[in-house]
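Trainee: What follows is a predicted protein model with its sequence.
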Amino acid sequence: MADAQQTKPASPQLAQAAVLGAGAWGTALAVTLASQRRGASAAPVKLWAHESSTVGAINTQHENKEFLPGLTLPETIVATTALADLADSEIVLMVVPAQFARRVIADIAPLLKPDASLVLCAKGVERDSLKFMSDVASDYIDEAQIAVLSGPSFAADVARGLPTAVTLACTDATRGAYLCEQIGSAGFRPYLSSDVIGAEIGGALKNVLAIACGIVAGKKLGESARAAITARGFVEMQRLGTALGAKPETLGGLSGLGDLILTCSSDTSRNFSLGRALGEGASAAQVLAQRSSVSEGAMSAQAVTALAARHDLELPICAAVDAVLSGALETDAAIHSLMARPFTAEVD
């Protein structure tokens, strides 16, 4: 993989920025921020990691060997295991996986500057509370300080500076525009939205649906079947979105349909590749035990299904994925349950 591209000259107006979470996606976002903030006077981009080995490799070898190998990181990325090192940051991108986010947000919140922005980049639903990440974060900081970054974006593409467009959602329009300027670059283009919940629904459900598409691929059921799952999965995304007050244009945009198309069509997606392995006969426990990175769909499927039940919604594809992951159904039985459903109109 080539060295990270530099895409935008440093500017004295660029705020101090940090990233919480040094997996592949967090590291890629740190590269994007550091590529803007370069030069002798540039402040470092601080990257918090749970693993001391990851911190050591980034700081001494300028490579995240475990989560994003083969990419030389800018020397202005400084990794740390101490949350207190991020206290002077004006912008913090939160990339810790959804099921572990609450503890980290609770710990970082008292350390943040009074008007710092917390940009949520993890996609999922908390299983215990059935809350999206913005709801979790608002338990600890003011809602106006929260933004959501979501959209069709593979970490390796972003880290290499390849063209990427995403949604940045924030209820405070002024803050949202400011964050777009601070995070965006020639290769990483955020589109501003005020629909926080809509951006989060797309990010959470597409991971679950990607597992379903991966199962189709693993079973060698053909591209027509995968297209059908993607399209009917989008219907499920719209159902939940309507129930929770999301805007249709958000669900049909980058953070909804755009991310769904990307994640449901490539083994680069951890969720799609998990589904493929399930379709080929592996168990979820086997596959997940072999992975160092998190497949968010596997963690969120149960919560999405419970959320649908709370709102009396039918999300049959998401429910089938949850049943397979929990061991309640074999993949063949799950596919049969979907194909045996009564014929119905395409539009609800």
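Mentor: Alright, I've got the coordinates. Numbering: from 1, shown residues only.
Trainee: Pop the domain breakdown of this structure in here.
Mentor: 17-194, 200-339 (automatic domain parsing).
Trainee: Let's have those domains in CSV, adding mean neighbour count, distance to Asp348 and mean pLDDT.
Mentor: Yep, even glycine has a C-beta here, placed from its N, CA and C like the rest. Output for the domains of the chain, formatted as CSV (neighbours: other CB atoms under 10 Å; distance: least, CB to CB, whole Å; pLDDT from 0 to 100):
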stretch, mean neighbour count, distance to Asp348, mean pLDDT
domain 17-194, 20, 22, 95
domain 200-339, 20, 7, 94
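Trainee: and of those, who's closest to Glu346?
Mentor: domain 200-339 (8.2 Å; CB to CB).
Trainee: Checking Ala15 next. Helix, strand or coil?
Mentor: coil (DSSP: H, G, I helix; E, B strand; the rest coil).
Trainee: Spatially nearest residue to it, not counting backbone neighbours?
Mentor: Glu90 (3.9 Å; CB to CB, 6 or more residues apart in numbering).
Trainee: Verify the stated contact: that neighbour with Leu112.
Mentor: No. The criterion here is CB atoms under 8 Å, and Glu90 misses it with Leu112 at 9.3 Å.
Trainee: ranges for the strands of the stretch 51-200 of the chain?
Mentor: 77-80, 91-94, 117-120, 146-150, 164-170, 188-193 (DSSP state E, counting those that start in this stretch).
Trainee: In TSV: these, plus distance to Ser293.
Mentor: Below are the strands of the stretch 51-200 of the chain laid out as TSV (distance: least, CB to CB, whole Å):
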stretch	distance to Ser293
strand 77-80	17
strand 91-94	17
strand 117-120	18
strand 146-150	18
strand 164-170	19
strand 188-193	21
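Trainee: Any idea which of these gets closest to Leu274?
Mentor: Per CB to CB, nearest to Leu274 of these: strand 146-150, 19.7 Å.
Trainee: Against which helices or strands is the closest one packed?
Mentor: strand 117-120, helix 133-137, strand 164-170, helix 173-183, helix 196-218 (3 or more CB pairs under 8 Å, 6 or more residues apart in numbering; DSSP states H and E).
Trainee: ok, the shortest one: who's next to it in the sheet?
Mentor: Looking back up the chat, that one is strand 117-120. Using DSSP bridges, strand 117-120 pairs in its sheet with strand 91-94 (parallel), strand 146-150 (parallel).
Trainee: Show me what it is in contact with.
Mentor: Outside strand 117-120, the residues that touch it by CB atoms under 8 Å, 6 or more residues apart in numbering are 90-94, 101, 105, 108, 112, 133-134, 137, 141, 145-149, 168, 175, 178-179, 183, 200.
Trainee: picking up where we left off before, between the strands of the stretch 51-200 of the chain, which gets nearest to Gln290?
Mentor: strand 77-80 (25.2 Å).
Trainee: Just the C-alphas of that closest one, formatted as CSV.
Mentor: The C-alpha coordinates for strand 77-80 follow below in CSV (Å, rounded to 0.1, in the frame of the first residue of the first chain):
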residue,chain,number,x,y,z
ILE,A,77,0.2,11.3,14.4
VAL,A,78,1.1,10.7,18.0
ALA,A,79,-0.5,7.6,19.7
THR,A,80,-1.3,7.4,23.4
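Trainee: So which other helices or strands are in contact with that strand?
Mentor: By 3+ CB pairs under 8 Å, 6+ apart, strand 77-80 packs against helix 24-36, strand 45-48, helix 52-61.
Trainee: Minimum distance to Phe234: which of those has it?
Mentor: Judged by CB to CB, the one of the helices and strands packed on strand 77-80 that comes nearest to Phe234 is helix 24-36, at 22.9 Å.
Trainee: Can you name every helix or strand that the helix or strand in which Ala18 is found contacts?
Mentor: Element membership for Ala18 (DSSP states H and E) is strand 17-20. Strand 17-20 sits against helix 24-36, strand 45-48, strand 91-94, with contacts defined as 3+ CB pairs under 8 Å, 6+ apart.
Trainee: Dump these into a markdown table; add distance to Lys123 as well.
Mentor: Formatted as a markdown table, these follow (distance: least, CB to CB, whole Å):
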| stretch | distance to Lys123 |
| --- | --- |
| helix 24-36 | 9 |
| strand 45-48 | 19 |
| strand 91-94 | 11 |
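Trainee: which stretch among those comes nearest Val55?
Mentor: strand 45-48 (8.2 Å).
Trainee: and that closest one, which strands flank it?
Mentor: Counting by DSSP bridges, strand 45-48 is paired with strand 17-20 (parallel), strand 77-80 (parallel).
Trainee: To Leu240, which of those lies closest?
Mentor: Short answer: strand 17-20, nearest of the strands paired with strand 45-48 by CB to CB, at 26.9 Å.
Trainee: chain center to the closest one: distance?
Mentor: Relative to the chain's own centre, strand 17-20 is displaced by 15 Å; criterion: CA atoms, centre = their mean, to the nearest Å.
Trainee: Adding distance to Ala319, write the helices and strands packed on strand 146-150 out as a markdown table.
Mentor: Output for the helices and strands packed on strand 146-150, formatted as a markdown table (distance: least, CB to CB, whole Å):
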| stretch | distance to Ala319 |
| --- | --- |
| strand 117-120 | 26 |
| helix 133-137 | 22 |
| strand 164-170 | 27 |
| helix 173-183 | 34 |
| helix 196-218 | 10 |
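Trainee: that older thread, how near is the residue nearest to Ala15 to Ile183?
Mentor: Distance from Glu90 to Ile183, counting by CB to CB, to the nearest Å: 12 Å.
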